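# sequence first, then the predicted structure:
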Amino acid sequence: MQLRYWPHRLKFRYPFTISKGTKTHQPTLLVSLSMGQWTGFGEAPAIAYYDISVEQMIADLEKKKSSVEKFAFTDPERYWHYLHHLFPHNPFLVCALDMAGWDLYGQLKNCPLRTLFKAPNTEEPHTDYTIGIDTQERMVEKMLATPWPLYKIKVGTPDDLEKIRALRAHTKARLRVDANAGWSLETALQLLPALQELGVELVEQPLAKDDWEGMRVLYQQSPLPLIADESCVGEHDVERCVHFFHGINIKLTKCSGITPARRMIDKAHELNLKIMLGSMNESTVGTAALFHLLPFADFADLDGPLLLEEDLATGLSYNNGKVMGSQLPGLGVRVNL
C-alpha cells in the first residue's frame, strides 16, 4: 500500500461555539491508502478537548509510515487491530486509516459499504442541523437561515432556557439539546421539565463526563432521554452507560474508526441502548462513513458538511433532513485533490 496525507483547515459558515469554546475553522487530516488502481480515503478532525492535533497525527504517521504501508491488506478488521497496536495513543489517526481501509476494501469488492454491512432495509433517521451557542437573536437568525425539520441546540450558558423558548417561538421543528457536559446536576434537574414542555425530544451529555453519581440521579428523574457523548468515548464505555443514560452517541473519530463503531452498535443493541451517530464536524469524507452506518441508528447528527463553508469531497446530499449517498463503491465519495 501507499500512504498519503493532507492537512486542512476548513472554515465554518458561522463561528462554532459550544460550552467548551469557539472555533472559526475545523482542522482535519485527510489520508489515503492506495493499492494498484484503487485508492481509499479517510479523515480525522482534530478536537482540542481530546488533546489531539493534526500536527500530532502527522508526526505519528511519519514515525511509522513504513509500518502502515507494509501491512498485507486483505481485511479492514485485521488492519484496524494492527493500527490499534501501532498507534495506541492516537485513536483519531487510527480512525482515519481505518476509514481509508474500509473505503479501499469496498472498492476492491466493488460495492458500497452499507451493502457489505448487510444494512437492514428500514427507514433511516433524519439528521439534525446544529445551532451553536450565540446571542438569542443570532441563534434565531441561524435557525431561520436554514429551514430544517430537526435542530440540535448547543447549550451551557445561564440563559439556556430563554434561548430555547425564543427558538421554539419561531419554529415547530423537532428540537434536541446538547449541553456538552456544561450543566451541574442542580441546573439539569431544573431545566429538564421545562425543556420537555417546550417539545425538546432528548438531551445529550448534560453533566461532566465523569459525574456518574450525578447521572445516576438524573437518569432516575429525567422526563427526557439522556444520550452519552463525552461519557462514551470507546467500546469499553458502552456497558458502563447502562442505568446512567438511555443511549450513546457513537463518533468514529473518538472511538477510533468504523471497525470499533460496528462493535459498539452491536453492544448497544444488546443492552437496549439507543444509538446516535454523531459528527465531529467532518467533511463529506468522514460523514460518508457515518452514512453507511445510518440504518443501524436511532438518531443522526450528520450535519458536518452543512456547517462548513469548505468541503473535501462530493458524494452526499441532503433533502430536508434526509441524508443520501451515491451508489459508488466503498465510501462512495469523490475527493477534491
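Everything's here; your move.

# how near is the residue nearest to residue 159 when sequence neighbours are not counted to residue 245?
Once flanking residues are discounted, residue 159 sits nearest to residue 136: 7.2 Å by CB to CB, 6 or more residues apart in numbering. C-beta coordinates here come from the backbone N, C-alpha and C atoms, glycine included. Distance of residue 136 to residue 245, given as CB to CB, to the nearest Å: 29 Å.

# looking at these two, which one has more neighbours?
More crowded of residue 136 and residue 245, by other CB atoms under 10 Å: residue 245, with 25 against 14.

# what pairs with that one across the strands?
Assessed by DSSP bridges, residue 245 has beta-bridge partners residue 242.

# thinking again about what came up before, and the residue nearest to residue 159, what are its phi and psi?
phi -50, psi -40 (degrees, to the nearest 10).

# which ones are touching it?
Residue 136 makes contacts with 159, 162, 163, 166, as judged by CB atoms under 8 Å, 6 or more residues apart in numbering.

# could you find the closest non-adjacent residue to the third one?
The spatial neighbour of residue 163 that comes closest, neighbours along the chain excluded (CB to CB, 6+ apart), is residue 136 at 5.1 Å.

# where do the strands of the stretch 151-300 of the chain begin and end?
174-178, 200-204, 226-228, 247-250, 274-278, 299-301 (DSSP state E, counting those that start in this stretch).

# give me the mean pLDDT for the last one.
Same thing as strand 299-301. Summarised as a single mean, pLDDT over strand 299-301 is 98.

# contacts for that strand, please.
124-128, 130, 152, 176, 202, 227, 247, 249, 274-279, 290, 294, 323.

# give me the buried positions along stretch 256-266.
Residues 256, 257, 258, 259, 260, 261, 262, 264, 265 are the ones in stretch 256-266 that count as buried (16 or more other CB atoms under 10 Å).

# tell me the gap between the helix ranked longest in the chain and the middle of its chain.
Longest helix in the chain, counting residues (DSSP state H): helix 91-109. Helix 91-109 sits 16 Å away from the centroid of its parent chain (CA atoms, centre = their mean, to the nearest Å).

# and the helix or strand just after it, what's buried?
Counting by DSSP states H and E, the next helix or strand C-terminal to helix 91-109 is helix 113-116. Within helix 113-116, the residues scored as buried using 16+ other CB under 10 Å are 113, 114, 116.

# walk me through the domains of the protein.
According to automatic domain parsing, the chain comprises the domains 2-114, 116-335.

# rewinding a little: got JSON lines for the strands of the stretch 151-300 of the chain, with distance to residue 187 and mean neighbour count too?
Formatted as JSON lines, those follow (distance: least, CB to CB, whole Å; neighbours: other CB atoms under 10 Å):
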{"stretch": "strand 174-178", "distance to residue 187": "12", "mean neighbour count": "23"}
{"stretch": "strand 200-204", "distance to residue 187": "12", "mean neighbour count": "22"}
{"stretch": "strand 226-228", "distance to residue 187": "14", "mean neighbour count": "25"}
{"stretch": "strand 247-250", "distance to residue 187": "20", "mean neighbour count": "26"}
{"stretch": "strand 274-278", "distance to residue 187": "22", "mean neighbour count": "23"}
{"stretch": "strand 299-301", "distance to residue 187": "23", "mean neighbour count": "25"}
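
# so which elements touch the strand or helix carrying residue 305?
Residue 305 belongs to helix 304-307 when assigned by DSSP H and E. The elements that helix 304-307 packs onto, with contact taken as 3 or more CB pairs under 8 Å, 6 or more residues apart in numbering; DSSP states H and E, are strand 2-18, helix 284-291.

# let's see it at 10 Å
strand 2-18, strand 21-35, strand 129-131, helix 284-291, strand 316-319 (3 or more CB pairs under 10 Å, 6 or more residues apart in numbering; DSSP states H and E).

# next SSE after the shortest one?
Sequence-wise, the next helix or strand beyond strand 129-131 is helix 136-145, with elements assigned using DSSP H and E.

# pull out the buried positions in that following helix.
So, applying 16+ other CB under 10 Å, buried residues of helix 136-145: 139, 140, 142, 143.

# same question, stretch 89-104
Quick answer for stretch 89-104 (16+ other CB under 10 Å): 90-104.

# now do stretch 300-317
Those would be 300-308, 311-313, 315-316, for stretch 300-317 by 16+ other CB under 10 Å.

# now it - C-alpha only, PDB.
Provided in PDB are the C-alpha atoms of stretch 300-317 (Å, rounded to 0.1, in the frame of the first residue of the first chain):
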ATOM      1  CA  ALA A 300     -28.400  11.000  13.400                       C
ATOM      2  CA  ASP A 301     -26.200  14.100  13.700                       C
ATOM      3  CA  LEU A 302     -24.500  14.000  10.300                       C
ATOM      4  CA  ASP A 303     -24.600  17.800   9.600                       C
ATOM      5  CA  GLY A 304     -20.800  18.300   9.400                       C
ATOM      6  CA  PRO A 305     -20.700  19.300   5.700                       C
ATOM      7  CA  LEU A 306     -23.700  21.700   6.200                       C
ATOM      8  CA  LEU A 307     -21.800  23.600   8.900                       C
ATOM      9  CA  LEU A 308     -18.700  24.200   6.800                       C
ATOM     10  CA  GLU A 309     -18.000  26.700   4.000                       C
ATOM     11  CA  GLU A 310     -15.400  24.300   2.500                       C
ATOM     12  CA  ASP A 311     -15.600  20.600   1.800                       C
ATOM     13  CA  LEU A 312     -13.100  18.000   0.800                       C
ATOM     14  CA  ALA A 313     -15.300  15.700  -1.400                       C
ATOM     15  CA  THR A 314     -18.700  15.100  -3.100                       C
ATOM     16  CA  GLY A 315     -20.900  12.100  -2.600                       C
ATOM     17  CA  LEU A 316     -23.500  13.100  -0.100                       C
ATOM     18  CA  SER A 317     -26.700  15.200  -0.500                       C
END
